[in-house]
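Asks: Here is my input; please provide its structure:
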Amino acid sequence: MPLIRFARVLASLGSLIAVSRVHAQPEEYVDLGVRTTAEAFTVPVRLRSGNEIRWFKIVLPTTAGGPQGFVDIWAQPTFDGYFMRYGAFAMFNQFGDRIAVGRDVSDGPVFESSFGCGDPRPPTYVPPVEIPARENPAFFGQEGHLPAGEYWVAIGEFPWFGSTGWSAGSIRPPESLDRETDLYFRIQPPDIPYCDGDFNWDGNTDQDDVLYLANVLAGGENPTGRWADYNRDGNTDQDDLLALVHTIAGGGCP
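Replies: Below you'll find the model as predicted:
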């Protein structure tokens with residue numbers, strides 16, 4: 001069985017491996033603080049040994065209570081030097097219960113979890129590396145809604161994750177040198193409008209996005225899957241196009 005596939009099995013069956021190893025709250029962790037405003041940030045991760053599990057504590061807002069709230073988390077290496085080739089992560093609640101394991105979206109190097117709003121955000125970008133990559137799915141709230149509160153993220157190289165007790169470990173030997181990756185967070189509380197105007201996902205917010213939405217409203221294809229109801233009034237019509245033009249012109253969110 002290929003090593004990556006074997007590690008994937010371990011990650012999914014972590015609760016069986018760790019059944020007799022219920023741990024207390026991690027003593028060593030990085031406190032990312034209270035993050036209840038709209039923001040996106042990156043946390044560099046470097047393991048001190050090949051089989052270390054790094055822990056991050058973070059307070060997050062709920063994603064429920066509105067049509068636009070979301071929390072996206074993903075691990076993506078720099079693809080430079082000794083980067084983790086299977087830097088997977090899991091998310092635990094304040095009681096140590098595992099609530100999500102990052103989905104493998106590129107045959108090894110990129111893992112992601114998405115909570116809340118179903119309107120898809122642009123997928124992560126994976127540059128060509130020796131690990132075969134496939135097109136990444138968009139963030140679409142696949143893990144459901146997230147209650148407000150304290151959460152713990154565990155990340156390591158070829159890890160396994162138990163279902164309770166903040167239980168986690170790694171199958172890598174301590175001397176392994178593949179120890180670096182980046183952990184990304186994108187947070188949008190439900191009471192703050194999310195109005196990304198980049199409808200065609202080309203990295204720019206401009207006239208091309210207006211043309212894209214106009215085509216969708218006219219019955220054309222919608223490859224990105226973005227909701228055409230841009231102003232969130234329950235209708236898909238000319239008002240959405242006017243709202244997008246207003247946003248692109250600097251007028252703010254609808």
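
Asks: Quote the end-to-end distance of stretch 193-212.
Replies: End-to-end distance for stretch 193-212: 21 Å, by C-alpha to C-alpha, to the nearest Å.

Asks: Going by neighbour count, list what's buried in it.
Replies: Applying a neighbour-count criterion of 16 or more other C-beta atoms under 10 Å, one finds 193-201, 205, 209-210, 212 buried in stretch 193-212. For every residue, glycine as well, the C-beta is placed using N, CA and C.

Asks: so who does residue 28 touch?
Replies: Going by C-beta atoms under 8 Å, 6 or more residues apart in numbering, residue 28 touches residue 55.

Asks: whoops, I mixed them up, residue 185
Replies: Contact analysis of residue 185 by C-beta under 8 Å, 6+ apart lists 32, 35, 39-43, 58, 71-73.

Asks: what's the answer for residue 144, then?
Replies: Listed by C-beta under 8 Å, 6+ apart, the contact partners of residue 144 are residue 115.

Asks: Could you measure from it over to residue 84?
Replies: As defined by C-beta to C-beta, to the nearest Å, residue 144 lies at a distance of 27 Å from residue 84.

Asks: same deal with residue 62?
Replies: Using C-beta to C-beta, residue 62 is found at 31 Å from residue 84.

Asks: The stretch 101-250 of the chain: strands as residue ranges?
Replies: Listed in chain order, the strands found in the stretch 101-250 of the chain under DSSP state E, counting those that start in this stretch are 103-104, 111-116, 149-157, 159-161, 168-170, 180-188.

Asks: looking at those strands, which is closest to residue 89?
Replies: For the strands of the stretch 101-250 of the chain, proximity to residue 89 was assessed by C-beta to C-beta; strand 149-157 is nearest, at 3.9 Å.

Asks: Grab the CA positions of the closest one and hand them over as PDB.
Replies: The C-alpha coordinates for strand 149-157 follow below in PDB (Å, rounded to 0.1, in the frame of the first residue of the first chain):
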ATOM      1  CA  GLY A 149     -16.100  29.100  21.000                       C
ATOM      2  CA  GLU A 150     -12.600  27.800  21.600                       C
ATOM      3  CA  TYR A 151     -11.000  25.300  19.200                       C
ATOM      4  CA  TRP A 152      -7.800  23.400  18.900                       C
ATOM      5  CA  VAL A 153      -6.000  22.600  15.600                       C
ATOM      6  CA  ALA A 154      -3.500  19.800  15.600                       C
ATOM      7  CA  ILE A 155      -1.100  19.400  12.600                       C
ATOM      8  CA  GLY A 156       1.700  17.000  11.800                       C
ATOM      9  CA  GLU A 157       3.400  15.000   9.100                       C
END
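
Asks: Quick one: distance of stretch 139-152 to the chain centre.
Replies: Its chain's C-alpha centre lies 10 Å from the corresponding centre of stretch 139-152 when counted by C-alpha atoms, centre = their mean, to the nearest Å.
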